[in-house]
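Q: Build me a model:
(one chain, ligands or ions: 2)
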Amino acid sequence: MTAAAALVRGRAWVGEAPLFAPVDLRLEDAGWTCLLGPSGVGKSTILRLIAGLETGARFEGEATRDKPVALMAQDPGLIPWLDVTGNVTLGARLRGTLRQGDEPAARAAALIKAVGLTDRAHHLPANLSGGQRQRVALARTLFEDRPLVLLDEPFSALDARTRAQMQDLAARLLEGRAVLLVTHDPAEAARLGDRILLLRETGLTEWPVPTLRPKGAARPYDAPEVLQLQARLMRGMMA
Ligand SMILES: Nc1ncnc2c1ncn2[C@@H]1O[C@H](COP(=O)(O)OP(=O)(O)O)[C@@H](O)[C@H]1O
Ligand SMILES: [Mg+2]
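A: Numbers count the residues shown, from 1 in each chain. Ligands and ions are numbered 1, 2, ... in the order given. Just a heads-up that it's a prediction; the model follows:
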């Protein structure tokens, strides 16, 4: 077996109550792993453990990663006094590697265009809708250009059409990376998962994914086999 890009093995409690049964989650070097489950089962906790961030839970086990990581947290976490461009390029600004007119600035502008916010590039977060803020956070995460990418419900605030477009964009730009996508949406898992892991209070179950995802793309949202997978995942969540 090849080295994992990241893994979480163990269990967690919130106070005295178990949050999830023992899990063993391994991210391969490339491809999208979807962690699907209802709210409150511990999806964000698992993602934050991989990122090495604080969680509200007590964890017993091991959580490791062996690659530089980009994280899109469930809350967009934008800096209120920086405009869209400033937020997208935040990492480069902090590293002191951004200068006007150079390659990162051009890449940021291209990403802002790709998420449909060119006409908002100089707006502050307070003047954006929830969906627009989420797209800024997505562009910021893509700008980081890391081999391991953790996405916590990255499309949850988007309308159905924009969501499908952003899923296509992320699939294209993150081809070949190790991606962990946390989602509560079976349709999203059915479009994007190379592997789908269902998290319930009783533990983590790997779900069979019958069709390969096209390279650099999400599966078509209207293909019968994708709709079937979505329906089966919904049943799994209801069980
Ligand atoms: N900071 C916190 N303080 C107290 N409890 C928390 C905190 N963060 C999470 N929890 C508890 O852990 C549970 C799982 O949280 P989370 O990992 O965010 O679930 P999910 O992402 O699947 O919705 C929540 O239902 C909540 O009860
Ligand atoms: Mg969550």
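Q: for stretch 75-86, what is the average pLDDT?
A: Averaging pLDDT along stretch 75-86 gives 97.
Q: got the CA coordinates for it in PDB?
A: Presented in PDB, the C-alpha positions along stretch 75-86 are these (Å, rounded to 0.1, in the frame of the first residue of the first chain):
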ATOM      1  CA  ASP A  75     -17.200  29.200   7.900                       C
ATOM      2  CA  PRO A  76     -15.700  31.300   5.000                       C
ATOM      3  CA  GLY A  77     -13.600  33.100   7.600                       C
ATOM      4  CA  LEU A  78     -12.900  36.100   5.400                       C
ATOM      5  CA  ILE A  79     -11.000  39.100   6.700                       C
ATOM      6  CA  PRO A  80     -13.600  41.900   6.900                       C
ATOM      7  CA  TRP A  81     -11.200  44.800   6.000                       C
ATOM      8  CA  LEU A  82      -9.800  43.100   2.900                       C
ATOM      9  CA  ASP A  83     -11.600  43.100  -0.400                       C
ATOM     10  CA  VAL A  84     -12.200  40.000  -2.500                       C
ATOM     11  CA  THR A  85      -8.800  40.200  -4.100                       C
ATOM     12  CA  GLY A  86      -7.100  40.800  -0.800                       C
END
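Q: And that stretch, how far out from the chain middle?
A: 18 Å (C-alpha atoms, centre = their mean, to the nearest Å).
Q: Also stretch 58-77?
A: On C-alpha atoms, centre = their mean, the centre of stretch 58-77 falls 11 Å from that of its chain.
Q: Would you mark the buried spots in it?
A: 59, 63, 65, 67, 69-74, 76 (16 or more other C-beta atoms under 10 Å). Heads up, the C-betas are built off the backbone N, CA and C, glycines and all.
Q: Show me how the record splits the protein into domains.
A: 6-68+146-238, 79-143 (automatic domain parsing).
Q: Span of the shortest one from start to end?
A: To tie it back to what came earlier, the one meant is domain 79-143. Domain 79-143 has its terminal residues 16 Å apart, counting by C-alpha to C-alpha, to the nearest Å.
Q: Repeat that for the longest one.
A: By C-alpha to C-alpha, the extent of domain 6-68+146-238 from end to end equals 29 Å.
Q: Give me the mean pLDDT for it.
A: Averaged across domain 6-68+146-238, the pLDDT comes to 96.
Q: That domain and ligand 2, are they touching?
A: Yes - Domain 6-68+146-238 lies within reach of ligand 2 by C-beta under 5 Å from the ion, at 43-44.
Q: gap between that domain and the chain center?
A: 7 Å.
Q: is that domain anywhere near ligand 1?
A: Yes - residues of domain 6-68+146-238 are located near ligand 1 by C-beta under 6 Å from any ligand atom, namely 14, 19, 37, 39-45, 56-57.
Q: Taking those residues, please make a PyMOL selection of just the buried ones.
A: One line in PyMOL is enough to select the buried members of the residues of domain 6-68+146-238 next to ligand 1, burial here meaning 16+ other C-beta under 10 Å:
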select buried, resi 19+37+41+42+43+44+45+57
